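Student: no sequence on this one, just coordinates:
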Ligand code: G
Ligand code: G
Ligand code: NA
């Protein structure tokens, strides 16, 4: 079987699932969100990480149906958690550029929200800087999505080829500092300066900021000292299967 036909089968047979990585406010100690990350429960190969099939899915276009599935599943799950009386926090979902360019994306997302019953404010869309290259298209679409009531964050911030000018034109709620900057903040003064500057910039622009890929207590302290209170990373928790995410929510509520 080719990877393409295997992935098509995976979608049809419900072999895909989502894990959820908590995002935590270290100043309050509370969970502020979960990022939904796709996994593939392969019948022979076991649990396959997205690094092994998302790049292929991007190239082949299969990322569009996979992304639509992930969006719907994350909304369904978050609504179910809400109905079960668990801590209500937004779930964030990665949108690939192929989805971003898809016809009538906003209407599709609106329909998914209605079908699952999730309040729009409990959905955050993570886009990358590549989505900001066509400024007029992105501006129109993002304003349309904001009208729907969802939140918008920029993933892998600082690693793309886009200019900063989009930050003042687009309705962006949050920047996610890419983990390549966070990795060496304790040893590389340039990375430390970049991270501190991104944090200061978000404060002046009235945006939220979250650091990705936090793996050590020293990194966490640096971020806290520089007023970045939202953190995601292995130091706090890896992406979790649903039962483990639920345990964590119960502990924090
Ligand atoms: O979980 P892991 O670090 O292995 O994920 C690897 C990459 O796959 C990450 O960069 C992540 O953004 C991407 N990814 C995971 N789930 C999704 C998804 O639902 N949609 C898209 N577009 N990318 C995803
Ligand atoms: O770029 P994006 O936000 O999509 O990346 C999410 C991916 O990053 C997840 O698939 C997750 O497995 C991975 N990840 C999350 N926390 C850490 C971390 O602390 N260190 C590293 N190396 N990867 C992480
Ligand atoms: Na992401």
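Tutor: Sure thing, it's come through. The structure displayed is predicted, hence computed values, not measured ones. Residues are numbered from 1 along each chain as shown. Ligands and ions are numbered 1, 2, ... in the order given.

Student: what residues does the stretch 101-250 of the chain have near ligand 3?
Tutor: Listed as neighbours of ligand 3 in the stretch 101-250 of the chain under the rule C-beta under 5 Å from the ion: 126, 155. Using the backbone N, CA and C atoms, a C-beta is placed for each residue, glycine as well.

Student: whatever residue of the stretch 101-250 of the chain ends up closest to ligand 1: neighbour count?
Tutor: Distance from ligand 1 to each residue of the stretch 101-250 of the chain (C-beta to the nearest ligand atom) is smallest for residue 239, at 5.7 Å. Residue 239 is flanked by 21 other residues according to other C-beta atoms under 10 Å.

Student: again with residue 33
Tutor: The burial count for residue 33: 23, using other C-beta under 10 Å.

Student: could you do the one 4 residues further on as well?
Tutor: Other residues within reach of residue 37, judged by other C-beta under 10 Å, total 21.

Student: which residues touch it?
Tutor: Counting by C-beta atoms under 8 Å, 6 or more residues apart in numbering, residue 37 makes contact with 18, 19, 20, 21, 50, 94, 239.

Student: try residue 174
Tutor: Going by C-beta under 8 Å, 6+ apart, residue 174 touches 124, 151, 152, 153, 154, 202, 207, 208, 209, 210, 230.

Student: cutoff 7 Å now
Tutor: Counting by C-beta atoms under 7 Å, 6 or more residues apart in numbering, residue 174 touches 151, 153, 207, 208, 209, 210.

Student: in this structure the first one contacts residue 173, no?
Tutor: Right, residue 151. Yes. In this structure residue 151 lies within contact range of residue 173 using C-beta atoms under 7 Å: 4.5 Å.

Student: between the two, which has more neighbouring residues?
Tutor: Neighbour count, other C-beta under 10 Å: between residue 151 and residue 173, residue 151 has more, with 21 against 16.

Student: quick one, phi/psi of the more buried one?
Tutor: Here is the backbone geometry of residue 151 (degrees, to the nearest 10): phi -100, psi 150.
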